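> dropping the sequence and predicted coords here.
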Amino acid sequence: MTTTKENALSVDQGRVFREAWIAGINKHYPGEPKPSYVAPWDETPDWERSSAAAVYQQVRAFVETSGGATAKLTREQKGRFVALCWIGQIFKHFPDPKPSYVADWADMPEWQRETDADIFEHIEQAA
């Protein structure tokens, strides 16, 4: 059973992930992003909020269990980790997702790869 404190921590972690995503979109997205890409936390669907919190927790656990050795990873490795964790969440919430939602790293647009790497580094620095 989760406590109110754990729920609040999860929401806070999800918000941090979402804020890092939006910052990455604003930095790397070419042109005008879709409104859903930069929607504030309160306008984000429930599945996406829980996914943001879950991926934050996965990245944080990776950083902590490696004793901070994730600092030696390349930006690509960091971004790949975020992307794979997010794909896991997509499959959790959607039985038959669009292929673009679960694209492999090489098939992702550059802006998304850079944003995922930024997210990892943001969480890594916070840990």
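Great, that's in hand. Bear in mind the structure is a predicted one, so any value in this text is a computation, not a measurement.
> outside of the worst-scoring helix or strand of the chain on mean pLDDT itself, list whatever touches it.
The element with the least model confidence among the helices and strands of the chain, by mean pLDDT, DSSP states H and E, is helix 4-28, at a mean of 90. Helix 4-28 is contacted by residues 2, 33, 37-38, 41, 44, 49-50, 52-53, 55-57, 60, 110-112, 114-116, 118-119, 122-123, 126 when judged by C-beta atoms under 8 Å, 6 or more residues apart in numbering. (C-beta placed from N, C-alpha, C; glycine too.)
> any buried residues in that helix, and which?
Counting neighbours by 16 or more other C-beta atoms under 10 Å, one finds that the buried residues in helix 4-28 are 10, 13-18, 20-22, 24-25, 28.
> ok, now stretch 82-93?
For stretch 82-93, the neighbour count (16+ other C-beta under 10 Å) marks 82-83, 85-87, 89 as buried.
> from the middle of its chain, how far away would that stretch be?
The chain centroid and the centroid of stretch 82-93 are separated by 9 Å under C-alpha atoms, centre = their mean, to the nearest Å.
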